[in-house]
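J.: this is the structure alone, sequence omitted:
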């Protein structure tokens, strides 16, 4: 297993433990045991639990930003850009539930310097989504709304799914994203 593959495995296992036990209660010993490696080996990959938290956060927020920018670069229209935002959140919740819980609930536990960077990235992403709403209003695709408030509504609707979504439920994450998008888009139509 390559170093990158091992790091990814550690992040996945740690995220699952953080979801099950809580970030504060899960220890580096717990993580090492769950991964099946010694604690000294774990420290070879991550110096601390807060560094693990940092990597989990960065992986998710960077993925959200990259996915959004790729759609923008393809010239995707505002309506589909917002559908993509909703889909990105739900796909992550479906495939990385523990990591999403940590992302939403524990980012404030990052060390101050990391928290400042994380807060800036979150604000950058939020501004990108607000820009999409503004662009849609300017193009006549969306009606006039408070862009900040609507952005927060999209985030709240999509993000909260980590509390209740189950992969074996009635709907797939993509079907839920479509339904959420329909609810949002009907509210945005001119």
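T.: Here it is on my side, so go on. Just so you know, these numbers come straight off a predicted model, no measurement behind them.

J.: contacts for stretch 83-97, please.
T.: Applying CB atoms under 8 Å, 6 or more residues apart in numbering, the external contacts of stretch 83-97 come out as 12, 15, 19, 60, 63-64, 67-68, 71, 76, 99-100, 129, 132, 154-155, 157-159, 161-162, 165, 167, 172-174, 176-178, 180-181, 184-185. For the C-beta atoms, the positions are set from N, CA and C on the backbone; glycine is no exception.

J.: rounded mean pLDDT for that stretch, please.
T.: Across stretch 83-97, pLDDT averages out at 95.

J.: do the same with stretch 146-160
T.: 95.

J.: tell me which residues are up against that stretch.
T.: Contact with stretch 146-160 is made by 82, 85-86, 89-90, 93, 100, 104, 126, 129-130, 133-134, 137, 177, 180, 183-184, 188, as judged by CB under 8 Å, 6+ apart.

J.: give the buried subset of the residues you listed as a PyMOL selection command.
T.: Those of these that count as buried under 16 or more other CB atoms under 10 Å are selected in PyMOL with:
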select buried, resi 82+85+86+89+90+93+100+104+129+130+133+137+177+180+184+188
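
J.: please name the nearest non-neighbouring residue to the most centrally placed residue in the chain.
T.: With distances taken as CA atoms, centre = their mean, residue 60 lies nearest the centre of the chain, 4.7 Å away. In this structure, residue 60 finds its nearest non-sequential neighbour in residue 103, 4.8 Å apart by CB to CB, 6 or more residues apart in numbering.

J.: list the buried ones in the helix or strand hosting the one you found?
T.: Per DSSP states H and E: residue 103 is located in helix 97-105. Neighbour-count burial for helix 97-105 flags 97-104 (criterion: 16+ other CB under 10 Å).

J.: could you do stretch 15-23 as well?
T.: Neighbour-count burial for stretch 15-23, counted by 16+ other CB under 10 Å, picks out 15-19, 23.

J.: swap in stretch 115-133?
T.: Within stretch 115-133, the residues scored as buried using 16+ other CB under 10 Å are 115, 118, 121-122, 125, 128-130, 132-133.
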